[in-house]
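Participant: Structure for this input, please:
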Amino acid sequence: MDILGPFPPGKGQVKFLVVAVDHFTKWIEAKTLATITANNVQKFFWRNIVTRFGIPYALITDNGLQFTDRRFNEFLTELGIKHKMTSVEHPQSNGQAEAANKVILKELKRRLGQAKGSWPDHLPDILWEYRCTPQSSTKETPFCLTYDTDAMILVEVGEPSLRRTRFDEDANEEALNIELDLIDEARDRALFNMEACRTRLARKLRTKVKPREFQVGDLVWRVIGEARRDKTQGKLAPNWDGPFRIMYNLKNGAYKLEELTGKAIPRT
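Facilitator: Numbering: from 1, shown residues only. The predicted structure follows:
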């Protein structure tokens, strides 16, 4: 579980997201918040996780004040939930939530344009798309692994699929019973795919990264650091600006840039 934000204030002055991801199914739950207090995080965890999916074995978070709060940890202890907090040196231990954050941010930026304050209105659609998209690690959708059936998506309404045009109530009930019998097999297969994906990623990380140099005249984008980031847009501010043209190579990965008009970019 993680906190994402701040965003430009939306309806009700909400400007944060609390995000939780199931380690196995990759199912995402998220809720907008005006303030990120431990009490609000606890309410989200109870209403969106425990009362809907049951009590999890463990909860992984960072060391944010909301998660280190005494009352929040007493709440987890009462439920028998192990609270594992990532260290500052190894934030990747909470990689599931970090990956979900990237997906949400990417989709919000793609959809909003300049209407940054309307981001809460797009959140349900983004979560729905993610839940119905096969994940590279499991080869299954989060919806299927959670509910043991494929979700009926909008495209099947506009262009009716076979399961809509040939729907039979008696046959459908029999098919659902068969799917329930096969759920363990499907989840074992997803677990195998996760392990295979983890092995591939580990192998890729061990591969040496080849240094790359740009040439004079190449067009590049420049990362926008915190000092130049538009504070009014919060997390929805763009990460890059450009393109710029390389004037000359300063060596050691540094370059002198110019605008496409020929105006030199001062060092930042």
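Participant: Can you pull out the low-pLDDT segments for the stretch 1-150 of the chain?
Facilitator: 87-95, 113-116 (pLDDT under 70).
Participant: Apply 50 and report the result again.
Facilitator: The model of the stretch 1-150 of the chain has pLDDT under 50 over residues 89.
Participant: Tell me where it has strands.
Facilitator: Using DSSP state E, counting those that start in this stretch, the strands found in the stretch 1-150 of the chain span residues 2-4, 16-21, 28-33, 58-61, 82-85.
Participant: got the residue ranges for the strands in the stretch 151-268 of the chain?
Facilitator: Under DSSP E, counting those that start in this stretch, the stretch 151-268 of the chain gives strands at 219-223, 240-251, 254-258.
Participant: quick revisit: of the strands of the stretch 1-150 of the chain, which approaches residue 251 most closely?
Facilitator: Distance to residue 251, taken as CB to CB, is lowest for strand 2-4 among those, at 37.9 Å. Where you see a C-beta, it was placed from the backbone N, CA and C, and this is true even at glycine.
Participant: Can you pull up the most central residue in the chain?
Facilitator: residue 100 (1.3 Å; CA atoms, centre = their mean).
Participant: residues in contact with the residue nearest to that one when sequence neighbours are not counted?
Facilitator: Distance criterion CB to CB, 6 or more residues apart in numbering; nearest residue to residue 100, sequence neighbours excluded, is residue 21 at 4.7 Å. Shown in contact with residue 21 (CB atoms under 8 Å, 6 or more residues apart in numbering): 1, 27, 28, 29, 96, 97, 99, 100.
Participant: Just flag the most distant two among those.
Facilitator: Pairwise across the contacts of residue 21, and taking CB to CB, the largest span is found between 29 and 99, at 14.6 Å.
Participant: So the two - more neighbours on which side?
Facilitator: Relative neighbour count places residue 29 above the other of residue 29 and residue 99, with 20 against 16, counting by other CB atoms under 10 Å.
Participant: wait, isn't that one in contact with residue 47?
Facilitator: No: look at residue 29 against residue 47 with CB atoms under 8 Å: they stay out of range, at 9.5 Å.
Participant: Show me how the chain divides into domains.
Facilitator: For the chain, the structural domains run 2-131, 146-206, 219-258, going by automatic domain parsing.
Participant: With distance to residue 212 as new columns, can the ones you listed be given to me in JSON lines?
Facilitator: Formatted as JSON lines, the domains of the chain follow (distance: least, CB to CB, whole Å):
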{"stretch": "domain 2-131", "distance to residue 212": "23"}
{"stretch": "domain 146-206", "distance to residue 212": "17"}
{"stretch": "domain 219-258", "distance to residue 212": "9"}
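Participant: Deepest-packed of the ones you listed, please.
Facilitator: Mean neighbour count, computed with mean count of other CB atoms under 10 Å, is highest for domain 2-131 among these, reaching a mean of 16.
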